[in-house]
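Visitor: Would you be able to build a 3D model of this:
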Amino acid sequence: MTSPGKTPSHPLDLDSSVSQRSALVVGATGIGGSALVDLLVEQGWPVTALSRRPLADRPGVRALSADLRSAAALADALAEEKPTHVFFTAWSRQDTEEQNIAVNGGMVRDLFAALSHAPVQHAALVTGLKHYLGPFEAYGQGNMPDTPFHEEEARLDAPNFYYAQEDELFAAAERDGFAWSVHRSHTVIGYAVGNAMNMGLTLAVYASICRHLGTPFVFPGSLTQWNGLTDMTDATVLADQMLWAATSDAGRDEAFNVVNGDVFRWRWMWTRLAEYFGVEPVGPDAEPQPLERQMAAAQDVWTQIAREHDLAESDLGRIASWWHTDADLGREIEVVTDISKSRLAGFGVHHRTVDSFTELFDRYRAARLIPGA
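Guide: This is a model prediction of the structure:
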């Protein structure tokens, strides 16, 4: 059944060889990877889930574990693997962009080198809007394209690990003769634990702490983000687009932006999130008030909340990625995305972002990762 606010895509362009297809999901424990594994299993695909931390056993999924930063480990883990479709959803955060390029470009290069024997037909790569905004250390600086961002914009004249990943994908595709697609998401929200970029769970934890302490739910970001238009990407929409592109002629050798399809202002969304958690919404100060600073001493509070509500995770560092949420909500620039290219190509999934948040919060409550109502 389609969830509230979500409309289905056009039927996937599947052919008679469906029974011969198999998927390798790289980064299977992350937000995007987890949603993709769920979708592939639902569609009846045999799935191999590759991650550094092994995925829990489940029907239809075979788990593999390897350090993506090690060419030798990848070669060993994938020596007998023969996927027809590869979905790369992983990255490894480094201290500098030079290191990001070396490590993350290397992971893509080494993965496809380890699969050079496999009958790969299509490989999908997840990147993001830093393609248009620049890397973390030069984020939003320099000569950026105007919003909304379009896929045909030229690359920025700055080092960027997304470009390195793309170039390694293109080189492998040309060498081994498979098709590719690139999926440029905005902030992705979905179900995962221990992820380095997880705004959905981070805001749920922040609101739960506010409710426990009886303090207002203060927007920690900038006035620009509070008042401006923005968009987001539900992990299920990202998964839908990756599978659509990998099984449709329209997705062959193309890069696509991917967001939910709606736009919103945080001054509207913040009130809806506050209503869900029963806390008082308060707008931003003149300058951002980063959660990473506000929550620096919050571990003891979370330990108490976890004990009182019998939560499954008492380590605040595993469920809240303050730095990433601060980066998104503290931006002093408008970030909004054009998705006409995929719409015109036949991808029709749409999801209201407020529903993405509340459905996600319901799921985290059911898993006892945040307190119930």
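
Visitor: Let me know whether residue 73 touches residue 66 as I believe.
Guide: Yes: the criterion here is CB atoms under 8 Å, and residue 73 meets it with residue 66 at 4.5 Å. Heads up, the C-betas are built off the backbone N, CA and C, glycines and all.

Visitor: With neighbour numbers in mind, choose between the two.
Guide: Taking neighbours as other CB atoms under 10 Å, residue 73 and residue 66 compare with residue 66 leading, 20 against 16.

Visitor: Let me know the distance separating the closest residue to the more buried one other than its chain neighbours from residue 61.
Guide: The shortest distance from residue 66 to any non-neighbouring residue, by CB to CB, 6 or more residues apart in numbering, is to residue 77 (3.8 Å). Distance of residue 77 to residue 61, given as CB to CB, to the nearest Å: 15 Å.

Visitor: Can you show me the strands along the stretch 1-150 of the chain?
Guide: 6-7, 23-26, 47-51, 61-65, 85-88, 122-128 (DSSP state E, counting those that start in this stretch).

Visitor: make that the stretch 151-300 of the chain, sorry
Guide: Using DSSP E, counting those that start in this stretch, strands in the stretch 151-300 of the chain cover 179-185, 188-189, 217-218, 229-230, 233-234, 254-258, 264-265, 281-282.

Visitor: Model confidence for residue 18, exactly?
Guide: With respect to pLDDT, residue 18 has a value of 61.

Visitor: swap in residue 57?
Guide: Confidence score, pLDDT, at residue 57: 73.

Visitor: With residue 138 instead?
Guide: 69.

Visitor: so where is the stretch 51-200 of the chain shaky, pLDDT-wise?
Guide: 137-142, 196 (pLDDT under 70).

Visitor: on that earlier part again, okay, the strands of the stretch 151-300 of the chain, which one's buried deepest?
Guide: strand 233-234 (a mean of 31; mean count of other CB atoms under 10 Å).

Visitor: Parallel or antiparallel, which strands does that one pair with?
Guide: Note on strand 233-234: by DSSP bridges, its sheet partners are strand 188-189 (parallel).

Visitor: from the chain's centre, how far out does the strand it pairs with sit?
Guide: 5 Å (CA atoms, centre = their mean, to the nearest Å).

Visitor: got a list of contacts for that strand?
Guide: 31-32, 128, 197-200, 232-235, 238, 356-357, 360 (CB atoms under 8 Å, 6 or more residues apart in numbering).

Visitor: Try it again at 7 Å.
Guide: 31, 32, 199, 200, 232, 233, 234, 235, 238, 356, 357, 360 (CB atoms under 7 Å, 6 or more residues apart in numbering).

Visitor: Run through the residues that contact the third one.
Guide: Neighbour list for residue 199: 187, 189, 324, 325, 328 [criterion: CB under 7 Å, 6+ apart].

Visitor: let's see 8 Å
Guide: Here residue 199 is in contact with 187, 189, 321, 324, 325, 328 (CB under 8 Å, 6+ apart).

Visitor: Could you do the second one as well?
Guide: Contacts here follow CB under 8 Å, 6+ apart; on that basis residue 32 touches 89, 126, 185, 188, 190, 235, 238, 239.

Visitor: Ignoring the adjacent residues along the chain, who's closest to it?
Guide: Using CB to CB, 6+ apart, the closest residue to residue 32 is residue 89 (4.2 Å).

Visitor: Name the nearest residue to the residue nearest the centre of the chain, sequence neighbours excluded.
Guide: By CA atoms, centre = their mean, the mean C-alpha position of the chain lies nearest to residue 188, the distance being 3.9 Å. Counting by CB to CB, 6+ apart, the nearest residue to residue 188 once its immediate chain neighbours are dropped is residue 233, at 4.8 Å.

Visitor: How about residue 148?
Guide: Spatially, and ignoring its direct neighbours in sequence, residue 148 is nearest to residue 338 (4.0 Å; CB to CB, 6+ apart).

Visitor: so what's the one you found up against?
Guide: Applying CB under 8 Å, 6+ apart, the residues contacting residue 338 are 148, 149, 150, 257.

Visitor: From those residues, pick the one nearest residue 83.
Guide: residue 257 (25.8 Å; CB to CB).

Visitor: Can you check the pLDDT for that closest one?
Guide: Reported pLDDT for residue 257: 98.

Visitor: Just the endpoints, please. Distance across stretch 180-200?
Guide: 29 Å (CA to CA, to the nearest Å).

Visitor: same thing with stretch 289-301?
Guide: 19 Å.

Visitor: Show me what the mean pLDDT comes to for it.
Guide: 96.

Visitor: what comes up buried for that stretch?
Guide: Neighbour counts using 16 or more other CB atoms under 10 Å place 290, 291, 295, 298 of stretch 289-301 among the buried residues.
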